[in-house]
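Undergrad: Here is my input, please return the structure:
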Amino acid sequence: GLPKNAGNYIITISYNSESIDLYYKINRNQYNISEITFTDASYDYDGTEKTLTIDGTLPEGVSVQYKYDDVVTTGVTNAGTYNVTAEFSGDSLNYEAISPMNASLVINQIDDPSYVALTSFEAIAGQTLGDIILPSNFSWVDPLTTPVGAEGQNTFYVNYTPNDTVNYKSLTDLPVIVNVAFLASAVIVVNDNQEVVYNGLPQYPVYSIVDSSNTNVESTYYSLTLEYKLASDSEYTTGYPKNAGVYNVKITCASNSPLYLDSEEVVLTFTINKKVISLNTTILEQNYDSANRTWALLSTLIKSNLS
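TA: Numbering: from 1, shown residues only. Next comes the predicted model:
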């Protein structure tokens, strides 16, 4: 019989007692893939698998497999640029090998859906960017030691880095406003050498805490601490003095607001004078009754007057 498949053959022809060898070759054919195309594609990341396939109908007996960056897989999901290779296989005995085809598959990064734009921050003159706490995923472009600047609205820039840097875009040089406030101060206004009279209750000097506009700011921005001691005492006692005496009174104000500085303490002399007791002379004008009765009446009247 005659050979069918591609290859090199020796055909022997015999006639009577004679024979002759003929060399016979069947060349491999070529598959017709002129209508097969493999083109680039681009998608936006959406969390689903993306694939790239050839267009056209393969010749009978030919199959194809795909490699994404040299890895055989059904497709890819994450953002990136992939080199996709279509590798063909068929009847390698009788047909020439089909050269691989290459195309590019691009999955584009998208904006992070959890991103929320920043608008402005509050700061105080003298602070630095490091004193302003940014939300997660944000960072200052400038060093943290950068001053926030003078009073007013100052513009700085931040970068945003998503948790998933493969599929979501990182954002750079985003402008934000820093509202810089002047760091105000207040003073304790109080007169030295104040005097009051003992009344049995704790007492304190008259004072006020005012800012530069002479507005009282104690309850809004400051907490007051008052301490006192007699000249003979070595330690201050927190609170208000009650008993008669000459006291050193120390007033300290701590700021409750980042917009105000702590006020300097003030020490003054505060005197609680003894209460003067006077008896009405009519108390002593009692008719004699008996010694015991008279002194009992006197005692009662004196106590009543003192109270």
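Undergrad: who touches the residue positioned nearest the centre of the chain in this structure?
TA: Computing the C-alpha centroid of the chain and ranking residues by CA atoms, centre = their mean puts P135 first, at 2.3 Å. Going by CB atoms under 8 Å, 6 or more residues apart in numbering, P135 touches V116, L118. Where C-beta positions appear, they are placed from N, C-alpha and C, glycine not excepted.
Undergrad: Give me the distance between it and V141.
TA: 16 Å (CB to CB, to the nearest Å).
Undergrad: residues of stretch 92-103 that come out buried?
TA: Of the residues in stretch 92-103, Y95, I98, M101, A103 count as buried by neighbour count, 16 or more other CB atoms under 10 Å.
Undergrad: closest to I188 among the residues you listed?
TA: Nearest to I188 among the buried residues of stretch 92-103: A103, at 79.6 Å, using CB to CB.
Undergrad: Let me see the contact set for the closest one.
TA: F38, T39, D40, A41, L52, V84, A86.
Undergrad: When you filter the residues you listed down to buried only, what's left?
TA: Buried among these (16+ other CB under 10 Å): F38, L52, V84, A86.
Undergrad: Doesn't the third one lie inside a strand?
TA: Read that as V84. Yes - the assignment for V84 is a strand, going by DSSP: H, G, I helix; E, B strand; the rest coil.
Undergrad: can you tell me which residues contact it?
TA: F38, L52, Y66, K67, Y68, N102, A103, S104, L105.
Undergrad: at 6 Å instead, please
TA: Shown in contact with V84 (CB atoms under 6 Å, 6 or more residues apart in numbering): L52, Y66, Y68, A103, L105.
Undergrad: Sheet-wise, list the partners of the one helix or strand the second one maps to with their directions.
TA: Read that as Y66. Using DSSP states H and E, the element containing Y66 is strand 63-68. Strand partners for strand 63-68, identified by DSSP bridges, are recorded as strand 71-72 (antiparallel), strand 80-89 (antiparallel).
Undergrad: buried sites along the helix or strand containing D21?
TA: Using DSSP H and E, D21 falls within strand 18-26. Within strand 18-26, no residue counts as buried by 16+ other CB under 10 Å.
Undergrad: and what of stretch 195-208?
TA: Y198, Q203, Y204, P205, Y207.
Undergrad: Check stretch 75-95 too.
TA: For stretch 75-95, the neighbour count (16+ other CB under 10 Å) marks V76, A79, G80, Y82, V84, T85, A86, F88, G90, D91, Y95 as buried.
Undergrad: need the contact list for the second one.
TA: Put plainly, it is A79. Contacts of A79 (CB under 6 Å, 6+ apart): Y45, I107, Q109, V166, N167.
Undergrad: ok, it to D44 distance?
TA: To D44, A79 is 9 Å away according to CB to CB.
Undergrad: burial of N29, as a residue count?
TA: For N29, the count of nearby residues is 11 (other CB atoms under 10 Å).
Undergrad: Just the pLDDT for it.
TA: Note for N29: predicted pLDDT of 95.
Undergrad: Please apply the same query to E60.
TA: 94.
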